[in-house]
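1. The sequence and its predicted three-dimensional model are supplied below.
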Amino acid sequence: MSDSPNYQFELKFKVRDYECDLQGVVNNSVYQNYLEHTRHEFLNSIGLDFAELFKRGIMAVVARADIQYKTPLKSGDEFICRMNARKEGIKYLFYQDIYRLPDEKVCVKAIITAVTVVNGKLGISEELDKAILQNG
């Protein structure tokens, strides 16, 4: 998804047994948890508290998830989720790639599209815009 080898943010994880299905690999739905946690930690790293935004009526919500599964992760695997964020119109695009460690094998390539809902209506959060643009 992102052509750049430089990422704005990265977060390391380790696969837990209960995240795997009967085939012994991470269930496809679990990858969305990894991606979401990475986005939330990214927001924290740029000074935005997801829970605090919510309390003020600002919700960043996923509008679309385009996920390509490349190589499965297994229990005990360590991996890193790397991402870049950019704004396009009213949308925020999160380009997220998951790599198994230590061999850097690509496991997932995703583009997550989010929008903001402000006080119950599709809108723009100037605070989120500023933080994303300054860190993009």
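-> Perfect, thanks for sending it.

2. residue boundaries of the helices in this structure?
-> For the chain, the helices defined by DSSP state H cover 28-45, 50-55, 126-134.

3. strands paired with the top strand by length along the chain, and their directions?
-> Of all segments of type strand in the chain, defined using DSSP state E, the longest is strand 105-118. Paired with strand 105-118 in the same sheet, following DSSP bridges, are strand 58-69 (antiparallel), strand 91-101 (antiparallel), strand 121-123 (antiparallel).

4. Out of those strands, which is closest to residue 39?
-> For the strands paired with strand 105-118, the distance to residue 39 is smallest for strand 91-101, at 5.6 Å, taking C-beta to C-beta. Using the backbone N, CA and C atoms, a C-beta is placed for each residue, glycine as well.

5. between that closest one and helix 28-45, what angle do the directions make?
-> 110 degrees (axes from the mean of the first three to the mean of the last three C-alpha atoms, to 10 degrees).

6. pLDDT on strand 91-101, on average?
-> Strand 91-101 carries an average pLDDT of 97.

7. The closest residue to residue 59 other than its chain neighbours: neighbour count?
-> Nearest residue to residue 59, sequence neighbours excluded (C-beta to C-beta, 6 or more residues apart in numbering): residue 117, at 4.5 Å. Look at residue 117: counted by other C-beta atoms under 10 Å, it has 14 neighbours.

8. now residue 117: how far from residue 60?
-> Between residue 117 and residue 60 the distance is 8 Å, computed by C-beta to C-beta, to the nearest Å.

9. cool, and residue 45?
-> From residue 45 over to residue 60 (counting by C-beta to C-beta), the distance is 15 Å.

10. Mind checking which of those two has more residues around it?
-> Neighbour comparison, residue 45 and residue 60: the larger count goes to residue 60, with 20 against 13 (by other C-beta under 10 Å).

11. quick one, the worst-scoring helix or strand of the chain on mean pLDDT and strand 91-101 angle?
-> Ranked by mean pLDDT, DSSP states H and E, the helix or strand of the chain with the weakest confidence is helix 126-134, at a mean of 85. With the same axes, to 10 degrees applied, the angle from helix 126-134 to strand 91-101 works out at 50 degrees.
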